[in-house]
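Enquirer: Return a 3D structure for these sequence lines:
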Amino acid sequence: MTEISQCAPETDEEASAWNFVLPLPCRLTVALQVVGFRARDVMAMGAQTVIPVDCRVGSDIPLLVNGQLIAWGELEVAGNRLVLRLTELA
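Expert: From the prediction side, this is the model:
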């Protein structure tokens, strides 16, 4: 289940201007650096595999939509989940 908080458009006209693009699919990529990852590591992956990443909670993480940088975020822990909070729009 994806939970996304969003800002409401300021006017009805502004909201209707975006209606045609809202259902379009897009690919969101969160770019985390993995140092020392090798092809043999990919081949050894399975369910429940843990992959260490080279970033800390609070680090700036780039977010890309369809390959284009749209924002920066930072990792946080919320309860028992690791979440990404948007900190700056690109």
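Enquirer: Which residue of this protein lies farthest from its centroid?
Expert: Here the chain reaches farthest from its C-alpha mean at residue 13, the gap being 28.8 Å by Cα atoms, centre = their mean.
Enquirer: Mind telling me what element that residue is part of?
Expert: helix 12-18 (DSSP states H and E).
Enquirer: same deal with residue 85?
Expert: Counting by DSSP H and E, residue 85 is found in strand 81-89.
Enquirer: Can you spell out which helices and strands pack onto that strand?
Expert: strand 60-65, strand 68-78 (3 or more Cβ pairs under 8 Å, 6 or more residues apart in numbering; DSSP states H and E). Glycine gets a C-beta too; all of them are placed from N, C-alpha and C.
Enquirer: what angle do that strand and strand 68-78 make?
Expert: 140 degrees (axes from the mean of the first three to the mean of the last three Cα atoms, to 10 degrees).
Enquirer: for strand 81-89, which positions count as buried?
Expert: For strand 81-89, a neighbour-count test (16 or more other Cβ atoms under 10 Å) marks residue 84 as buried.
Enquirer: for it, the distance to its chain's centre please.
Expert: 7 Å (Cα atoms, centre = their mean, to the nearest Å).
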